[in-house]
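Asks: What shape does this take:
(2 chains)
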Amino acid sequence: MVNEIPVIWLQMAACTGCSVSLLNSASPTIKNILIDQIVPGVHINLRFHATIMAGAGEPAIKIMEETSKEKKDGYILVAEGAVPTATDAIYGVIGERNGKPVKMADRLAELAQNAMAVLAVGTCASFGGIPAGAPNPTGCQPVKAVLDSRNITKPIVNIPGCPPHPDWFVGTVGSIILNGLPKAENLDDNLRPLAFYGKLIHENCPRRAYFDEGKFAKKPGDEGCLYELGCKGPITYADCPLRQWNNGTNWVIGAGAPCNGCTQPEFPDLVAPFYEKLKDVELPVIGAYWASSKEDK
Amino acid sequence: MGTKIVIEPVTRIEGHLKIETVVEDGVVKDAKSSGTLFRGIELILIGRDPRDAQVITQRICGVCPQSHGIAAALNLDSAFGIADKIPPNARIIRNLIQGAHVVQDHILHFYHLAALDYVDVAKLADYDGQDSNLNSIKDFIARGELGPFLPRYEGDYRLPPEVNEQAVAHYVKALDIRRLGHEMVSTFSGKIPHSVGVIPGGVTTPPTVDKILSLLWKLRQLQDFINNAYIPDVLAVASAYPDYFEIGAGCKNLLSYGAYDLEDKNPDLTQRKRLFRQGVTSADLKPGKLDITKITEGVKHSWYQNSSSGRHPTQGETKPEYGKEGAYSWVKSPRYDGKVYEVGPLARVAVTYVHGDPTMKDLVDSSLAQLKAPPSVLFSVLGRHLARALSAKYIADSMDKWLLELKPGEPTYVEYTIPEESTGVGLTEAARGALGHWLEIKDQKIANYQCVVPTTWNASPQDDNGNPGPIEQAIIGTKIRDKNNPCEIVRIVRSFDPCLACAIH
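Replies: Here you go, the predicted model:
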């Protein structure tokens, strides 16, 4: 007997980048995740995902709504994108009911109410992200803020990143399947799994030695630490330097570009301008260069 | 009074799209294309460091981020006065990054977005062979939970069993191949979606021999798949659904900005030598010149203040006004010379073809010869799929040469200063068609940023003169076999490969 875990994937004020990133999962592949038993005896039953599902229109909405009723407290809701709330939340709608559009905020609340757990995938769903950037024209809010405002209390895990690495999502789902819902001690203050967001980029950066020696790149393509070109690695929690991206091919700093802090609640406004040096940050004093001359920096 | 058919949401596209039609005597009399999510990225860009446009505009869309990154970089190059100074290495690396991205995107579209309209996965229940992937799908079906493959519109799956099986096998294989395309992007651009390698002034990663060889052999796998799976599968679908060469023609006006720069010194993107040509053409397939001063965006039927209607993107505004009378979409209505134009692979393939490019002529003519059909069949649902496959082949076969033109050790970046005041324009071809970014800088900050994106053209609502947009026109007049299973409508819409996050932004 195979245990079927229903999943509803709801896209709101999103760009679909989180979904595309999941398509890049290398092992397991997306085929392993959706068709095969992801671990023996367990199959992820993706009932609704607008970008890949065969059905459209009413039959598609019907399966979403039926799943929410029939599998009450038995399905995972994945929320991609921020939630537009300004002007009575009219900036984003999904599907119709009695000929009237249903607002994303209302869909989210309805589906979360009956879910076993909510995974806020990506920085928009976790913290607001780009659409919530100033002046936040549509009043975009994170998933948790919207659920809190409606007194919906469900286990929530934030899996930020613009987009998140596929392993962060797959690893979180795998952990729920194998170990149950995450406990508080497995998450940080921003509800991110410590397994993936436990360390600063800066701590594991292969260019860290340059930073300690005070050897900084002055322009793109230079050797050296990218701190002065705007790298946000010193304040950004993620395991990119160890995990690498796109099946281990490369990563942001590997390509000679500064980290832009995309897994952080500060993204985008408080880590921009992206190509300007971080301001007012207390950095750990490690290495001869910094220890000898911290006052001068 | 006719019957209303509402498809909300249209799935297997990017983003939030509603299609509403009125059908009388089995024929679509009216169609409305409505984008249902507004984020206001153009408003978010105002007041920021111009360089951040490259980071933020990629987030317009996670399916086509790389094309926004390229358009933004070209836009900033032009605003910073360095459009004629980008080193050849940087130009080539940009082409390679964009090429790998667009090729994987075309493959993704045909197999993972469009194919389920024609291919019947459920039929694999009867599979009786040795392919392990197909047997795993048979097991999946036997377990009885068929999400995301069911429910669906029923009643018109026509591929012969062995062709159907082959197509399902390629659906699975294409997942690996498109992932490989993204790995190629990441080689020079760090990660994808939302990559970091293309910046104003050039690129961040210098070429090295190991990267060149790695890309060359990943490219070989993409080329092999395009030649031996993608193009044959499009032709196989075409032979089972020949009626789809006859529907979905639409406005028959096509526009291309051209893409993949082949020279370095010409700052005028409308004149620069490019792999895909700049230009326009129409039903007569005569070549026409591109004049970007003829572009306007109307908003009479969009949820924006009427005062901003009809402007050129350099003067464009984004002032939302939900509920405005007569409006039904967040998508604006771009028009060229006041007329409705379609953009996309069909447009860039056709424009390049009618401008006499010999490689493109061979590609198109040999495909049409196989189909025993004249060029006019390209204006159709299947014509768009064929053009997309040929676009993939044309790009991939050029990347092969570009890789060997890279010169390790030579510059990849040119320095600049951000001007106090300036304007810029960035034009390219995203997977889905002509993509333009316009920028105004004041006090070294973004004063205005306007994006006119491929699906803004294609999914646009009626313009100020009441002319329906390209997708609307393509649906109107179509015969609907079964109003409860309106396969025809979704097949027409998907042939445009709509991307609504892009269209509205």
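
Asks: which SS state does the closest residue to chain A within chain B fall under?
Replies: Using C-beta to the nearest C-beta, the closest approach of chain B to chain A is made by residue B:62 at 2.1 Å. All C-beta atoms are positioned from the backbone trio N, CA, C, and that covers glycine. Following DSSP: H, G, I helix; E, B strand; the rest coil, the label given to residue B:62 is coil.

Asks: cool, and the one 10 residues further on?
Replies: Secondary structure, three-state DSSP: residue B:72 is helix.

Asks: Was I right to think it contacts residue B:437?
Replies: Yes. Counting by C-beta atoms under 8 Å, residue B:72 does reach residue B:437; the two are 5.6 Å apart.

Asks: Name the residues contacting each of the two.
Replies: Here residue B:72 and residue B:437 share the contacting residues B:53, B:57, B:426, scored by C-beta atoms under 8 Å, 6 or more residues apart in numbering or on different chains.

Asks: If I look at the second one, what pLDDT would I see?
Replies: Reading off the per-residue confidence, residue B:57 sits at a pLDDT of 98.

Asks: May I ask which helix or strand encompasses it?
Replies: Residue B:57 belongs to helix B:53-58 when assigned by DSSP states H and E.

Asks: now for that helix, which elements pack on it?
Replies: With contacts taken as 3 or more C-beta pairs under 8 Å, 6 or more residues apart in numbering or on different chains; DSSP states H and E, helix B:53-58 sits against helix B:41-45, helix B:65-79, strand B:433-442, strand B:445-452.

Asks: What mean pLDDT does the second one get?
Replies: When the per-residue pLDDT values of helix B:65-79 are averaged, the result is 98.

Asks: Please write out the alpha-carbon positions of the next helix or strand after it in PDB.
Replies: Later in the chain than helix B:65-79, the nearest helix or strand by DSSP H and E is helix B:88-108. Output of helix B:88-108 as PDB, limited to C-alpha atoms (Å, rounded to 0.1, in the frame of the first residue of the first chain):
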ATOM      1  CA  PRO B  88      33.500  40.700 -28.000                       C
ATOM      2  CA  ASN B  89      34.000  38.100 -25.200                       C
ATOM      3  CA  ALA B  90      31.100  39.600 -23.200                       C
ATOM      4  CA  ARG B  91      28.900  39.900 -26.300                       C
ATOM      5  CA  ILE B  92      29.500  36.200 -27.000                       C
ATOM      6  CA  ILE B  93      29.000  35.000 -23.400                       C
ATOM      7  CA  ARG B  94      25.700  37.000 -23.200                       C
ATOM      8  CA  ASN B  95      24.600  35.200 -26.400                       C
ATOM      9  CA  LEU B  96      25.600  31.800 -25.000                       C
ATOM     10  CA  ILE B  97      23.800  32.500 -21.700                       C
ATOM     11  CA  GLN B  98      20.600  33.700 -23.400                       C
ATOM     12  CA  GLY B  99      20.800  31.000 -26.100                       C
ATOM     13  CA  ALA B 100      21.000  28.100 -23.600                       C
ATOM     14  CA  HIS B 101      18.200  29.600 -21.600                       C
ATOM     15  CA  VAL B 102      15.900  30.100 -24.600                       C
ATOM     16  CA  VAL B 103      16.600  26.700 -26.100                       C
ATOM     17  CA  GLN B 104      15.700  24.900 -22.800                       C
ATOM     18  CA  ASP B 105      12.600  27.200 -22.600                       C
ATOM     19  CA  HIS B 106      11.400  26.100 -26.000                       C
ATOM     20  CA  ILE B 107      11.800  22.500 -25.000                       C
ATOM     21  CA  LEU B 108      10.000  23.100 -21.700                       C
END
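
Asks: quick check: angle from helix B:88-108 to helix B:65-79?
Replies: Interaxial angle of helix B:88-108 relative to helix B:65-79 (axes from the mean of the first three to the mean of the last three C-alpha atoms, to 10 degrees): 150 degrees.

Asks: From the contact counts, what lies against helix B:88-108?
Replies: The helices and strands touching helix B:88-108, judged by 3+ C-beta pairs under 8 Å, 6+ apart, are helix B:65-79, helix B:161-189, strand B:202-203, helix B:209-225, strand B:254-261, helix B:381-405, strand B:422-430.

Asks: again, only this time at 6 Å
Replies: Packing contacts for helix B:88-108, counted by 3 or more C-beta pairs under 6 Å, 6 or more residues apart in numbering or on different chains; DSSP states H and E, involve helix B:65-79, helix B:161-189, strand B:202-203, helix B:381-405.

Asks: Stretch B:120-132 - what's its average pLDDT?
Replies: The average pLDDT within stretch B:120-132 is 96.

Asks: quick one: terminal-to-terminal distance for it?
Replies: Start-to-end span of stretch B:120-132 (C-alpha to C-alpha, to the nearest Å) is 18 Å.

Asks: Buried residues in it, which are they?
Replies: Across stretch B:120-132, burial judged by 16 or more other C-beta atoms under 10 Å in any protein chain shown covers B:120-121, B:124, B:127, B:131.

Asks: Please convert those to TSV, extending it with distance to residue A:117 and secondary structure.
Replies: Shown next, in TSV, are the buried residues of stretch B:120-132 (distance: C-beta to C-beta, whole Å; DSSP: H, G, I helix; E, B strand; the rest coil):
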residue	distance to residue A:117	secondary structure
B:120	34	coil
B:121	29	helix
B:124	32	helix
B:127	35	coil
B:131	36	coil
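
Asks: so which of the shared contacts of residue B:72 and residue B:437 would you say is closest to residue B:170?
Replies: Ranked by distance to residue B:170 (C-beta to C-beta), the shared contacts of residue B:72 and residue B:437 are led by residue B:57 at 33.1 Å.

Asks: wait, isn't that closest one in contact with residue B:69?
Replies: No. Counting by C-beta atoms under 6 Å, residue B:69 is not a contact partner of residue B:57; they are 7.3 Å apart.

Asks: give me the residue from chain A nearest chain B.
Replies: Using C-beta to the nearest C-beta, residue A:17 is the residue of chain A that sits closest to chain B, at 2.1 Å.

Asks: Contacts for stretch A:27-39, please.
Replies: Residues from elsewhere that reach stretch A:27-39 (C-beta atoms under 6 Å, 6 or more residues apart in numbering or on different chains): A:23, A:43-44, A:46, B:136-137, B:140, B:172, B:175.

Asks: rewinding a little: residue B:4: which of the helices and strands packed on helix B:88-108 is closest?
Replies: From the helices and strands packed on helix B:88-108, taking C-beta to C-beta, the stretch that ends up closest is helix B:381-405, at 22.7 Å.

Asks: outside of the closest one, which residues touch it?
Replies: Outside of helix B:381-405, the residues within contact range by C-beta under 6 Å, 6+ apart are B:92, B:95-96, B:99, B:102-103, B:106, B:212, B:215-216, B:219, B:222-223, B:226, B:230-231, B:234, B:238, B:244-245, B:248, B:275, B:345-346, B:349, B:363, B:377, B:491-492, B:495.

Asks: PyMOL command for the buried members of the residues you listed?
Replies: In PyMOL, a selection of the buried entries from those looks like this (16+ other C-beta under 10 Å):
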select buried, chain B and resi 92+95+96+99+102+103+106+212+215+219+222+223+226+230+231+234+238+244+245+248+275+345+346+349+363+377+491+492+495
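
Asks: And for chain B, the residue most distant from the center?
Replies: Computed with C-alpha atoms, centre = their mean, the residue of chain B farthest from its C-alpha average is residue B:128, at 37.5 Å.

Asks: I'd like the mean pLDDT over stretch A:222-236, please.
Replies: Averaged across stretch A:222-236, the pLDDT comes to 96.

Asks: Ends of it, what's the gap?
Replies: Across stretch A:222-236, first to last residue, C-alpha to C-alpha, it's 22 Å.

Asks: what number of residues lie near the closest residue in space to residue B:418 that isn't next to it in sequence?
Replies: Closest residue in space to residue B:418, ignoring its immediate chain neighbours: residue B:444 at 4.9 Å, by C-beta to C-beta, 6 or more residues apart in numbering or on different chains. Residues within reach of residue B:444, counting by other C-beta atoms under 10 Å in any protein chain shown, total 13.
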